[in-house]
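Q: I'd like to go over a predicted model; first the sequence, then the structure.
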Amino acid sequence: MKTVNVVAAIIKNGDLIFATQRGYGDFKDGWEFPGGKIEDGETPQEALAREIREELEAEITVGEHLITVETDYPEFHLSMQCFWAELKEGSHINLVEHEAAKWLSSGELDSVSWLPADVKVVEAIRSSDYFQ
């Protein structure tokens, strides 16, 4: 089975976490943490900064690694490295590929329908000391 290596940003702002709704593909309308594929020659952190520039037209500071999620889908295996991130000062989000986005508090994390791999990220966020 083919492995797809991707990165995802858990963008935080105070006590809120940023979530996006997919606007295309097999998983259209599912909620996820923004990110994308790692290209040849990129570190995961470089890929994440690039993907956020492309998808959200925003600049982020990539922080610590939170979790790597391994998930099998029917056509491929997904390996998703997830990092904490923050918007750089003066940076604003503009949705390029997603159909919606929300800033969620800890109590709102279950208010959206997460994609399977992202459910594991939500569990890792809850287990972290971020919302403590």
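A: Received it, and whenever you're ready, just let me know what you need. Residues are numbered from 1 along each chain as shown.
Q: and residue 39, what does it touch?
A: 47, 50 (C-beta atoms under 8 Å, 6 or more residues apart in numbering). In this view, the C-beta of every residue, glycine as well, is placed from N, C-alpha and C.
Q: look up the closest residue to the residue nearest to the spatial centre of the chain, ignoring the ones flanking it.
A: Residue closest to the average C-alpha location in the chain (C-alpha atoms, centre = their mean): residue 33, at 2.4 Å. Nearest residue to residue 33, sequence neighbours excluded (C-beta to C-beta, 6 or more residues apart in numbering): residue 8, at 4.1 Å.
Q: would you list the phi and psi of that neighbour?
A: phi -140, psi 150 (degrees, to the nearest 10).
Q: number of nearby residues for it?
A: Using other C-beta atoms under 10 Å, residue 8 has 26 neighbouring residues.
Q: wait, doesn't it sit right on residue 122?
A: No: if you go by C-beta atoms under 8 Å, residue 8 and residue 122 don't touch, sitting 11.5 Å apart.
Q: quick one: the closest residue in space to residue 115 that isn't next to it in sequence and residue 127, what's the gap?
A: Counting by C-beta to C-beta, 6+ apart, residue 30 is the residue found nearest to residue 115 once chain neighbours are left out, at 4.2 Å. According to C-beta to C-beta, to the nearest Å, residue 30 stands 22 Å off from residue 127.
Q: residue 115 too?
A: For residue 115 relative to residue 127 (C-beta to C-beta), the value is 19 Å.
Q: and if you look at residue 26?
A: 29 Å.
Q: just residue 44 next, same as before
A: With C-beta to C-beta as the criterion, residue 44 and residue 127 are 21 Å apart.
Q: and if you look at residue 54?
A: 30 Å.
Q: again with residue 34
A: In terms of C-beta to C-beta, residue 34 sits 21 Å off from residue 127.
Q: can I get the CA coordinates of stretch 114-125 in PDB?
A: The C-alpha coordinates for stretch 114-125 follow below in PDB (Å, rounded to 0.1, in the frame of the first residue of the first chain):
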ATOM      1  CA  TRP A 114     -13.500  15.400  12.000                       C
ATOM      2  CA  LEU A 115     -11.800  13.300   9.300                       C
ATOM      3  CA  PRO A 116     -10.600   9.900  10.700                       C
ATOM      4  CA  ALA A 117      -6.900  10.900  11.100                       C
ATOM      5  CA  ASP A 118      -7.800  14.200  12.700                       C
ATOM      6  CA  VAL A 119      -9.900  12.500  15.400                       C
ATOM      7  CA  LYS A 120      -6.600  11.200  16.700                       C
ATOM      8  CA  VAL A 121      -5.100  14.700  16.600                       C
ATOM      9  CA  VAL A 122      -8.000  16.000  18.700                       C
ATOM     10  CA  GLU A 123      -7.400  13.200  21.300                       C
ATOM     11  CA  ALA A 124      -3.700  14.300  21.400                       C
ATOM     12  CA  ILE A 125      -4.700  17.900  21.900                       C
END
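Q: all set now, cheers.
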